[in-house]
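*Asks:* need coordinates for the below:
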Amino acid sequence: MLNNDLVITSNGAGNKPGATGAITFALVAALINDKSLRREAATALTTPTELSVQHSISGSGFKARCRSVVRMDYRDLTQDTTLTAGVIPSASAYLVIDRPLQSAGKITDAILKRLIGSVLDVIMATGQLDKLLNQEG
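*Replies:* Residues are numbered from 1 along each chain as shown. Reported below is the predicted structural model:
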């Protein structure tokens, strides 16, 4: 994933939020400062959508942690900014994974996958994303 263009697809699944079919994100920059950047070429001049993946490490020893961020950004360059006080309309969505580098075997990949899967399940459950966007808890 980190060294190539990336194709994401909803595989026609109507239950996925924002199901759009296949989108190719072309690699623009590969792991500069532990960050890769991909851009959807088809919308680059009008409503650019960018996908970035970044990893950072902080602390040392058993306090060392790795933070991985998958981020999607959207901007609408077609908007007349005189109507929005000079602001370009934009939105972002992130998935952040924060984990210890050493945990004496207590934080395993299986645990991390279960946590991530559970977060995705909450979002994917029928109507839950709408509630989140409505600022419901």
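*Asks:* please count neighbours and contacts with C-alpha atoms only from this point.
*Replies:* Will do.
*Asks:* state which helix of this protein is the longest.
*Replies:* helix 109-124 (DSSP state H).
*Asks:* which SSE is immediately downstream of it?
*Replies:* Counting by DSSP states H and E, the element after helix 109-124 in chain order, helix or strand, is helix 128-133.
*Asks:* using CSV, write down the CA coordinates of that next one.
*Replies:* Taking C-alpha atoms only, helix 128-133 is exported to CSV below (Å, rounded to 0.1, in the frame of the first residue of the first chain):
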residue,chain,number,x,y,z
GLN,A,128,-25.0,5.2,13.1
LEU,A,129,-23.0,7.4,10.8
ASP,A,130,-26.0,9.7,10.3
LYS,A,131,-26.3,10.0,14.1
LEU,A,132,-22.6,10.8,14.4
LEU,A,133,-22.9,13.5,11.7
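*Asks:* report the buried residues of it.
*Replies:* Buried residues in helix 128-133, defined by neighbour count with 16 or more other CA atoms under 10 Å: none.
*Asks:* can we start the residue count at 626 from this point?
*Replies:* Noted, 626 is the first residue going forward, which turns the last one into helix 753-758.
*Asks:* please enumerate the strands of the protein.
*Replies:* 631-633, 648-657, 660-665, 674-683, 690-700, 715-725 (DSSP state E).
*Asks:* and the fifth one, which strands flank it?
*Replies:* Based on DSSP bridges, the strands next to strand 690-700 in the sheet, each with its direction, are strand 674-683 (antiparallel), strand 715-725 (antiparallel).
*Asks:* so what pLDDT did the residue of the chain positioned farthest from its centre get?
*Replies:* Note on the chain: the largest C-alpha distance from the chain mean falls to Thr707, namely 30.0 Å (CA atoms, centre = their mean). For Thr707, the pLDDT comes out at 92.
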